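Asker: below: sequence and its predicted model.
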Amino acid sequence: MTQIAPSILSADFMNLQRDVQNLEAAGADLLHIDIMDGMFVPNMSFGAQVVSGIRPLTQLGLDVHLMVEQPERYIEQFITAGSDLIMIHAEATEHLYRGLQMIKDAGVKAGVVINPGTPVSYIESVLPLVDQVLVMTVNPGFGGQKFIPAMLTKVAELAAYREAHADADFTIEVDGGVNDQTIAACAKAGADVFVAGSYTFAGDLATRIETLKKAANEAR
Ligand SMILES: O=C(CO)[C@H](O)[C@H](O)COP(=O)(O)O
Ligand SMILES: [Fe+2]
């Protein structure tokens, strides 16, 4: 099933409540929330307080992308803040399995993320545990970057793995440079959840979300 997850990185932070509510009214399926620590990625965004602030404003699931070194230090905060799904980068911790287990033990969905330079084989041992795999289709840290088409082979590899393993029960998400031109190839490769920040906010929200959904569904 296609799910469009607008990233609030492209929202107007001084009018975040308005933008979150407009996204829900416009037909977004999830809210993608980017947390950047200025260490794992060369940019900072905001912390768990913002997730707590958003939580009572919307019924949408909060899809939290932690671009943070040693994310296990902050997992509890993001659970308490009301995240529905917490994703940690495979490259950011020596204790990937432990981090994912911490999230699952709290009854929250857990996701693993891989950077453009990280192969699917690196996360194979955690695939039976996770609810979502996020394939970065840009180098993490900034919105508005160009989609990297070579990442599609990883999406297809994950889709084939899921097909072949009865114990695999994860959605495949793509993040970075997703727009009306790039989404079809992602859907064809097997992605289910599509993050779109700059594209969604560059026009009428409902029209853009609908355009993305239609292009993904037609490509399947
Ligand atoms: O994780 C991210 C950046 O690291 C963002 O989710 C992503 O870049 C979305 O922005 P855009 O759709 O503008 O590429
Ligand atoms: Fe993201």
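Answerer: Received it, and whenever you're ready, just let me know what you need. Ligands and ions are numbered 1, 2, ... in the order given.
Asker: what sits up against the longest helix seen in the chain?
Answerer: Counting by DSSP state H, the longest helix found in the chain is helix 205-219. Taking Cβ atoms under 8 Å, 6 or more residues apart in numbering as the criterion, the residues outside helix 205-219 that touch it are 2, 4, 6, 22-23, 25-28, 178-180, 183-188, 191, 194, 196, 199-200, 202. No exception for glycine: its C-beta is placed from N, CA and C like everyone else's.
Asker: in ChimeraX, how would I select just the buried ones from the residues you listed?
Answerer: Those of the contacts of helix 205-219 that count as buried under 16 or more other Cβ atoms under 10 Å are selected in ChimeraX with:
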select :2,4,6,22,23,26,27,28,178,179,183,184,185,186,187,188,191,194,196,199,200
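Asker: of the contacts of helix 205-219, list those near ligand 2.
Answerer: Applying Cβ under 5 Å from the ion, the subset of the contacts of helix 205-219 adjacent to ligand 2 is empty.
Asker: where does the residue of the chain found nearest ligand 2 land in three-state SS?
Answerer: The nearest approach of the chain to ligand 2 comes at His65, 3.8 Å away (Cβ to the ion). Classification of His65 by DSSP: H, G, I helix; E, B strand; the rest coil places it in strand.
Asker: residue boundaries of the helices in this structure?
Answerer: Under DSSP H, the chain gives helices at 16-25, 48-54, 75-80, 96-105, 152-164, 183-189, 198-201, 205-219.
Asker: of those, which approaches ligand 1 most closely?
Answerer: Taking Cβ to the nearest ligand atom, helix 198-201 is the member of the helices of the chain nearest to ligand 1, at 3.2 Å.
Asker: tell me how far the closest one is from the chain's mean position?
Answerer: Relative to the centre of its chain, helix 198-201 is centred 15 Å away, using Cα atoms, centre = their mean, to the nearest Å.
Asker: and the residue nearest to Thr182 when sequence neighbours are not counted, how far from ligand 1?
Answerer: If the residues on either side of it in the chain are set aside, Thr182 comes closest to Phe147, at 4.3 Å by Cβ to Cβ, 6 or more residues apart in numbering. Phe147 sits 8 Å away from ligand 1, going by Cβ to the nearest ligand atom, to the nearest Å.
Asker: Glu91 now?
Answerer: On the measure of Cβ to the nearest ligand atom, Glu91 and ligand 1 end up 13 Å apart.
Asker: again with Thr93
Answerer: Here Thr93 is placed at a distance of 17 Å from ligand 1 (Cβ to the nearest ligand atom).
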